[in-house]
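> sequence first, predicted coordinates after that:
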Amino acid sequence: MTVYQGEPLNILHTIGMQELYPIIRINFTVRGKFDQERFEQALLKCGQVVPELFCKYVLQDNSFVPVTSDLTGVLFKGSDPDKDSADWDLFNDPQLRVYLNQGHDGVAVTIFLSHILTDGAGAKQLLALLAKAYNGDALAGVKNHQDIDWLRQLLKEHPVTVSQHTDHPAKPLSMPELADHTNQLRRTQFLSLSQETTAALVKASHNQGVTLNDLFMAAFGQAVQRYSATDQISLACPTDMRQFIPGPRQLRVANHTSRYNIAVPAEPSGPFAETVQAVHQAMAANKQDFQCLASVKTLVDNYDRYSLEKLQQICEDNYHVRSISYTNFGVVSFQFAGCTITDFNMLGSYRRAPMFQVAVSTYAGQLNFAYAMIGNDEEARVGNTVMEMMRDLLTNYALKFS
């Protein structure tokens, strides 16, 4: 039996699993002439290019071992994905789960991916590969790359100082813990900006010399601050290191993510534009210093020398699970021939309230905000309020500066 050896960064998401199961959730609705049999064949073709998708993960030696050669344990029809996926075991089941549910206005597709196997950028690449296979493009000769030789070289070229305090802020953001712990359900919630507002926000960011990511982080930080007794926005910002890989773009369904850490003074009721500038300056300084590399340096440097237990402790020191977190999946681009994609969203793992994450993605020129939560109705309303605050802050910013 073929065993596929993992890379060091696979270990990043094996920590804190009692708090956070390492998955990525993607969902969208397909309208038009969607051929489910053709879709199933496309999934199988993706499994040939990325065989780890049909494997279980073996933590003891950081490897992937095949558990199926077909779609058994991979494809499910007519099941509630949020409920059913609660039984998903990455250590015994395939690293991919796909749910198809026929609705009145199309087929709802929900894709779950192991975050041990790949990060958000890799998930986007897999979506593009799936669409390519569905659309009839040949995948012969397409190879998935997971090596990190480029990262080892990058660490040599950009020495960084590692400090445990960087990833463990003195003033962390928090959300209120409610006394009522009944009705704890898996929930996903979504909110979108219109294409017009999205375009205006892009224009405003250019006019003000900031990035969209700066705006999202500032909006999320200021919204959560309303619930936190802190005058500081402390956030970790995942970043795709594929941008640093020289040469032509390659298929990399893998974990190639590190993260920037910021801790900026900010008054919860202060002008949003000032918070944006503070976040922008902190992120610009971090990018200049390649600060993101500090989050993975010790793990990569010691991967061949330390035990798994020691390596996991290194991850906890430099890449630990934060109660309040943020991720930006960026622009997502894929299309199935003869079909229309609507209601697109990408999410991180289900976080048990008061843990909370807002995930941002952009599809077809529209910004989408989403969260996955294990909580009750009131906790879900609090989460919705945070996203609504973000929407209002960003909409007003777009109106003022575009």
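Yep, it's here.
> how much space between G383 and H104?
27 Å (C-beta to C-beta, to the nearest Å). Placement of C-beta: from N, CA and C, glycine included.
> these two: which is more packed in?
Higher neighbour count among G383 and H104: G383, with 23 against 4, using other C-beta atoms under 10 Å.
> residue contacts, the more buried one?
Going by C-beta atoms under 8 Å, 6 or more residues apart in numbering, G383 touches Q189, A353, F356, Y371, M373, G375.
> which helix or strand contains the fifth one?
Assigned by DSSP states H and E, M373 belongs to strand 366-375.
> go on, the first one?
Element membership for Q189 (DSSP H and E) is strand 185-192.
> quick one: strands adjacent to that strand?
Strand 185-192 pairs in its sheet with strand 366-375 (antiparallel), by DSSP bridges.
> what does the strand it pairs with contact?
For strand 366-375, contacts defined as C-beta under 8 Å, 6+ apart pick out 25, 184-195, 197-198, 201, 344-353, 356-362, 379-380, 383, 387, 390-391, 394.
> roughly how far does K143 sit from K156?
In terms of C-beta to C-beta, K143 sits 26 Å off from K156.
> the closest residue to L127 other than its chain neighbours: neighbour count?
In this structure, L127 finds its nearest non-sequential neighbour in F334, 4.7 Å apart by C-beta to C-beta, 6 or more residues apart in numbering. For F334, the neighbour count with other C-beta under 10 Å is 19.
> show me the contacts for F334.
Contacts of F334 were listed using C-beta under 8 Å, 6+ apart, and they are K124, L127, A128, L130, A131, I341.
> sort out for me which of the residues you listed are in strands.
Residues of the contacts of F334 located in strands (DSSP state E): I341.
> can you flag the buried ones in the contacts of F334?
Neighbour-count burial (16 or more other C-beta atoms under 10 Å) applied to the contacts of F334 gives K124, L127, L130, A131, I341.
> show me where the stretch 151-300 of the chain has its strands.
Remark: strands assigned in the stretch 151-300 of the chain by DSSP state E, counting those that start in this stretch are 185-192, 232-240, 257-265.
> for P169, which of these is the nearest?
In terms of C-beta to C-beta, the element of the strands of the stretch 151-300 of the chain nearest to P169 is strand 232-240, at 3.7 Å.
> mean confidence for that closest one?
The average pLDDT within strand 232-240 is 94.
> neighbouring strands for that strand, and are they parallel or not?
Neighbouring strands of strand 232-240 in its sheet, by DSSP bridges, are strand 257-265 (antiparallel).
> ok, now which ones touch the spatially most central residue of the chain?
In the chain, the residue lying closest to the centroid (C-alpha atoms, centre = their mean) is G120, at 4.4 Å. By C-beta under 8 Å, 6+ apart, G120 lies in contact with I24, P238, D240, T257, T327, F329, G330, M346.
> wait, which of the residues you listed is closest to R152?
Set against R152, the nearest of the contacts of G120 by C-beta to C-beta is T257 (16.2 Å).
> report pLDDT for the nearest residue to that closest one once chain neighbours are set aside.
Nearest non-adjacent residue to T257, counting by C-beta to C-beta, 6+ apart: D119, 4.1 Å away. D119 is assigned 96 on the pLDDT scale.
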